[in-house]
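Colleague: Sharing a model that was predicted from the sequence below.
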Amino acid sequence: MGLLIIVIGFALMWVLLILPQQRRMRAHQALVAALEVGDEVMTTSGIYGTIVEVEQGTDVLWVEVADGVELKMARGAVAKKLDGVGRGAGAVAADDEEDLDELDAVEGEELDELDTGLADDVELGSGEATSRARPPEGSDSEPTDR
């Protein structure tokens, strides 16, 4: 009975952990193998660009990220291929832009509330600032207030 529980545990771990990772790996390998000149891609570091050259026989791609700026990178550095037209370097979809506007509005309200709360909590002083100066190296004196 105990052996059966261990076998079932290993089978469950295989199905839940290892199998999905293998599927992701196979999908990424298929993506990397299918990359062509003109494909718009996003790298694993979040850089968007368009493939301008694929060096045959190697794992090297040249990706244009801005006008006249090309990066040499490994094929494996491509995280995904973008399917939208005009979604190259720095482009934002209309629905993404609306989401950003909503987020900015919410953050603005939160900042206003935060500013109000800080103003209530802070007591204004005389305006004099103090700092601690470091003594010259080799000196045995303590830092002084300025």
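Modeller: Structure's in. What do you need?
Colleague: Let me see the domain layout of the chain.
Modeller: For the chain, the domain assignment from automatic domain parsing gives the residue ranges 1-34, 36-88, 92-119.
Colleague: counting contacts, what elements does the helix or strand hosting residue 22 pack onto?
Modeller: For residue 22, the element it lies in under DSSP states H and E is helix 19-33. In terms of contact count using 3 or more C-beta pairs under 8 Å, 6 or more residues apart in numbering; DSSP states H and E, helix 19-33 is assigned the packing partners strand 78-82. Using the backbone N, CA and C atoms, a C-beta is placed for each residue, glycine as well.
Colleague: Could you check the strand it packs on and say which residues are buried?
Modeller: Applying a neighbour-count criterion of 16 or more other C-beta atoms under 10 Å, the buried positions in strand 78-82 are 78, 82.
Colleague: quick one: low-confidence parts of the protein?
Modeller: Residues of the chain meeting the criterion pLDDT under 70: 84-146.
Colleague: all strands of it, in order?
Modeller: Here the chain has its strands, by DSSP state E, at 40-43, 48-54, 60-66, 69-74, 78-82, 132-133, 144-145.
Colleague: Might you report the residue contacts of residue 76?
Modeller: If a contact means C-beta atoms under 8 Å, 6 or more residues apart in numbering, then residue 76 has 28, 32, 59 as its contacts.
Colleague: For PyMOL, write the selection for the buried entries among the residues you listed.
Modeller: Remark: buried members of these, expressed as a PyMOL selection using 16+ other C-beta under 10 Å:
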select buried, resi 32
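Colleague: Out of the contacts of residue 76, the closest to residue 44 would be?
Modeller: Sorting those by distance to residue 44 puts residue 28 at the head of the list, at 10.0 Å, by C-beta to C-beta.
Colleague: circling back to that earlier point, tell me the most buried of the strands of the chain?
Modeller: Of all those, strand 40-43 has the most neighbours on average by mean count of other C-beta atoms under 10 Å, namely a mean of 19.
Colleague: counting contacts, what elements does that strand pack onto?
Modeller: In terms of contacts (3+ C-beta pairs under 8 Å, 6+ apart), strand 40-43 is packed against strand 48-54, strand 78-82.
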